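Chemist: quick one, structure for this:
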Amino acid sequence: MQAARAMEQKETTSGEEQFLTFRLHGQDYGIGILKIQEIKGWDKVTPIPNSPAYVKGVLNLRGVIVPVIDLRLRFGLPEAERDIFTVIIVANVNGRLAGIVVDAVSDVINVGAAHLCEAPEYEGQENREFIKGLAQVDGKLLVLLDVDRLVNPDSLDKSASAAPVAAAR
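Modeler: The predicted structure follows:
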């Protein structure tokens, strides 16, 4: 236990940040680990009328109603069949829970400043607002996402009366 704490302190002082990595349409992405509440296997959700197409519905997570967003549809990618690898990443977004459907979770990695680079700017970038940056890790280019912008409060409010995180405890 103390070794784990010492390791965490070492990582914090070295300027590294941890990311949960996942795959979506053959590409690797990452979300800051501190935003992740839990990872849940794919489960049916209850659709909510008049929601954006990427909001698949809501699920009841131990008494908390959580909106579920299909990241493929949010990024304008084709919808895919759900399989045993499909998961819902439950993230804490500005004090509220939101589920994010991804193809598969990969790993938790440490990313230091030496691995980070800015995403290039170009015209027609519809999803640029969701990108925090890029990281070169183990020979792979990882797209780091800003989950606060990805799951904006307007989407949460339109999809359901999502309970605050504090009510989940």
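Chemist: contacts, neighbours, all on C-alpha from now
Modeler: Fine.
Chemist: what's the burial count for D28?
Modeler: Around D28 there are 17 other residues, counting by other CA atoms under 10 Å.
Chemist: now the helices: where do they sit in this protein?
Modeler: Counting by DSSP state H, residue ranges of the helices within the chain are 2-13, 71-74, 147-150, 153-159.
Chemist: hey, least reliable of those by pLDDT?
Modeler: With a mean of 42, helix 2-13 has the lowest mean pLDDT of those.
Chemist: apart from its chain neighbours, what residue comes closest to N94?
Modeler: If you skip the residues right next to it in sequence, N94 has D148 as its closest partner in space, 6.9 Å away by CA to CA, 6 or more residues apart in numbering.
Chemist: pretty sure the one you found contacts L97?
Modeler: No: when contacts are counted by CA atoms under 8 Å, D148 is not listed as touching L97 (11.0 Å).
Chemist: quick check: L142 vs Q18, distance?
Modeler: As for L142, its distance to Q18 is 13 Å (criterion: CA to CA, to the nearest Å).
Chemist: typed the wrong thing, it's D70
Modeler: Distance of D70 to Q18, given as CA to CA: 23 Å.
Chemist: which of those two has more neighbours?
Modeler: More neighbours sit around D70 than around the other of D70 and Q18, counting by other CA under 10 Å; the figures are 21 against 17.
Chemist: I'd like to know the beta-bridge partner residues of the more buried one.
Modeler: Note on D70: beta-bridge partners V101, judged by DSSP bridges.
Chemist: next: V55.
Modeler: Beta-bridge partners of V55, counted by DSSP bridges, are I69.
Chemist: burial count for it?
Modeler: The tally of other residues near V55 (other CA under 10 Å) stands at 25.
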